[in-house]
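Engineer: Pasted the sequence and its predicted model underneath.
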Amino acid sequence: MARFTLPRDLYFGPGAMKELAVLGKTCKRAMVVTGGSSMKKSGALDRLDAILKKAGLKVKHFEGVEPDPSVETVMKGAQAMTAFQPDVIVAIGGGSPIDAAKAMWVFYEYPDKTFDDIKNPFTMPVLRQKAIFVAVPSTSGTATEVTAFSVITDYATKVKYPLADYEITPDIAVVDSDLAETMPPKLTAHTGLDALTHAIEAYVAGLHSDFSDPLALKAIQMIDDDLVASYNGDMAARGRMHVAQCLAGMAFTNALLGITHSIAHKIGAQFNLPHGLCNAILLPYVIQFNRKACEGRYADIARALGLPGATERQLVNVLVDKICALNDSLDIPATLEEAGVSEDVFTKNLEFISKNAKLDPCTGSNPRKTSAADIKKILKAAYNGSPVAVNW
């Protein structure tokens with residue numbers, strides 16, 4: 001038996017956040033979790049507060065979630081929730097505050113649990129004993145508003161842990177395109193390429209299905225149509241990207257991901273690089289490695305994009321070239337070396353990253369069985385741009 005899980009309700013389109021007035025029918029106390037100052041500066045936080053308070057809810061904030069949320073921040077947030085006793089948690093902002101709020105939710109409901117108790121996939125207790133969860137994303141990439149995932153960083157070990165359990169799938173997602181309009185170009189590029197990686201990996205992942213495949217392909221087509229225009233400031237394209245990244249999230253939360261994400265989780269923490277940037281650099285190399293196991297699936301993607309090629313091999317080659325050209329048009333460095341990772345730092349961390357990426361939950365759903373030695377070869381190729389040997 002397979003499973004397909006999404007939020008119960010999804011509100012989308014310009015101004016969709018106003019639909020959260022519905023919370024007044026069942027909830028009384030809302031803990032709002034957000035990041036730095038962007039939601040406050042844009043006015044989105046004030047709009048959210050006004051909607052909730054007009055609906056009759058008492059509102060308290062937990063602010064200041066860092067870009068890569070830490071275990072310590074999660075525990076502080078859970079303590080704040082315990083003191084306030086919300087019956088709804090509303091996370092607003094980029095993927096980081098939403099991811100952090102998901103983990104806070106677990107420890108709010110189960111204060112005796114430790115991070116070690118939940119860091120392995122599908123080990124979370126039953127939630128919704130105290131609160132429901134609402135996610136309001138302001139960036140167009142992680143799709144955490146519809147997924148069963150949360151990425152939390154242990155800074156003591158410099159390891160990012162992708163928490164995974166359908167219990168942390170939000171109850172309500174609000175995909176309000178107005179919130180995405182304030183993204184700067186670099187963030188637009190990084191989050192958009194994260195979304196593209198989600199969709200491509202979901203299409204070839206081990207648990208892909210007839211339910212996830214159409215979502216993944218549609219997301220890929222929309223991202224191909226709109227990402228560059230969104231990067232260049234076209235707000236209509238920005239709004240469509242907000243939808244596309246959500247479709248990609250619906251696909252990958254059910255089909256799962258692959259080693260592009262396994263490796264990106266580990267190099268992001270070690271090399272202090274944005275997650276979307278890591279995915280963008282790695283994706284062409286991972287496709288070349290994985291094609292031995294699923295060349296036909298990658299060829300399907302190329303056909304869906306209208307790319308030329310008489311054979312599957314030709315189609316996949318053109319797909320890789322297209323992704324590299326897209327990266328270039330969005331000012332993405334072609335290699336980790338170009339991204340500023342020194343050779344000394346790369347060499348020093350290579351063994352650690354390779355071993356930990358092998359253990360990442362995303363590795364298990366990669367279409368090709370992958371060893372730590374394979375990951376090391378991919379990393380070496382991605383460091384200096386050397387070709388990946390397809391027949392490893």
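Structural biologist: On my side now, so go ahead. Computed from a prediction, not measured in an experiment: that's the story for all the values here.
Engineer: Toward the C-terminus from the helix or strand harbouring residue 321, list the very next helix or strand.
Structural biologist: According to DSSP states H and E, residue 321 maps onto helix 312-329. Next in sequence after helix 312-329, counting helices and strands by DSSP H and E, comes helix 343-359.
Engineer: packing partners for that following helix?
Structural biologist: Where contact means 3 or more CB pairs under 8 Å, 6 or more residues apart in numbering; DSSP states H and E, helix 343-359 is packed against helix 259-271, helix 372-384. The C-beta positions use only the backbone N, C-alpha and C, and glycine is treated the same way.
Engineer: immediately after the worst-scoring helix or strand of the chain on mean pLDDT, which helix or strand?
Structural biologist: In the chain, no helix or strand scores lower on mean pLDDT, DSSP states H and E than strand 159-164, which sits at a mean of 89. Proceeding N to C from strand 159-164, the next assigned helix or strand is strand 172-175, under DSSP H and E.
Engineer: Can you name every helix or strand that that following strand contacts?
Structural biologist: Partner elements for strand 172-175 (3+ CB pairs under 8 Å, 6+ apart): strand 9-12, strand 132-137, helix 235-255.
Engineer: ok, residue 219 touching residue 192?
Structural biologist: No: taking contacts as CB atoms under 8 Å, residue 219 lies outside contact range of residue 192: 10.8 Å.
Engineer: anything in contact with each of these two?
Structural biologist: residue 245 (CB atoms under 8 Å, 6 or more residues apart in numbering).
Engineer: Grab the longest helix from the protein for me.
Structural biologist: helix 275-304 (DSSP state H).
Engineer: where's the least confident helix or strand of the chain relative to the chain centroid, distance-wise?
Structural biologist: Centre-to-centre, strand 159-164 and its host chain are 12 Å apart (CA atoms, centre = their mean, to the nearest Å).
Engineer: next one: stretch 320-331
Structural biologist: Centroid separation between stretch 320-331 and its chain, computed with CA atoms, centre = their mean, is 20 Å.
Engineer: For the protein, give me the ranges with low pLDDT.
Structural biologist: Across the chain, the ranges flagged by pLDDT under 70 are 1, 389-392.
Engineer: Please parse it into its domains.
Structural biologist: What automatic domain parsing lists as the domains of the chain is 9-180, 183-384.
Engineer: Would you reformat the ones you listed as a markdown table and include mean neighbour count and distance to residue 2?
Structural biologist: Listed next are those as a markdown table, based on neighbours: other CB atoms under 10 Å; distance: least, CB to CB, whole Å:
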| stretch | mean neighbour count | distance to residue 2 |
| --- | --- | --- |
| domain 9-180 | 20 | 13 |
| domain 183-384 | 21 | 6 |
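Engineer: if I read this right, residue 166 contacts residue 147, doesn't it?
Structural biologist: No: in this structure, residue 166 is not within contact of residue 147 by CB under 8 Å, at 9.5 Å.
Engineer: Name the nearest residue to the one residue sitting closest to the centre of the chain, sequence neighbours excluded.
Structural biologist: Most central in the chain under CA atoms, centre = their mean is residue 142, positioned 2.8 Å from the mean C-alpha point. In space, and not counting its chain neighbours, residue 142 is closest to residue 95: 3.1 Å by CB to CB, 6 or more residues apart in numbering.
Engineer: OK, contacts around that neighbour?
Structural biologist: 137, 139, 141-142, 144, 151.
Engineer: same deal with residue 104?
Structural biologist: Residues counted as contacts of residue 104 (CB under 8 Å, 6+ apart) are 33, 62, 74, 77-78, 81, 89.
Engineer: Determine which two of the residues you listed are furthest apart.
Structural biologist: Using CB to CB, the two most remote members of these are 74 and 89, lying 12.6 Å apart.
Engineer: Could you check how far the nearest residue to residue 5 once chain neighbours are set aside is from residue 101?
Structural biologist: Sequence neighbours aside, residue 166 is the residue nearest to residue 5 in space, at 4.8 Å (criterion: CB to CB, 6+ apart). Relative to residue 101, residue 166 is positioned 17 Å away (CB to CB, to the nearest Å).
Engineer: now swap in residue 33 and tell me
Structural biologist: In terms of CB to CB, residue 33 sits 4 Å off from residue 101.
Engineer: same question, residue 146
Structural biologist: Taken as CB to CB, the span from residue 146 to residue 101 is 15 Å.
Engineer: on that earlier part again, other SSEs contacting the helix holding residue 321?
Structural biologist: Helices and strands touching helix 312-329, by 3+ CB pairs under 8 Å, 6+ apart, are helix 185-204, helix 212-231, helix 275-304.
Engineer: Tell me which of those helices sits nearest to residue 6.
Structural biologist: Using CB to CB, the helices and strands packed on helix 312-329 put helix 212-231 closest to residue 6, at 9.9 Å.
Engineer: Alright, calling it a day.
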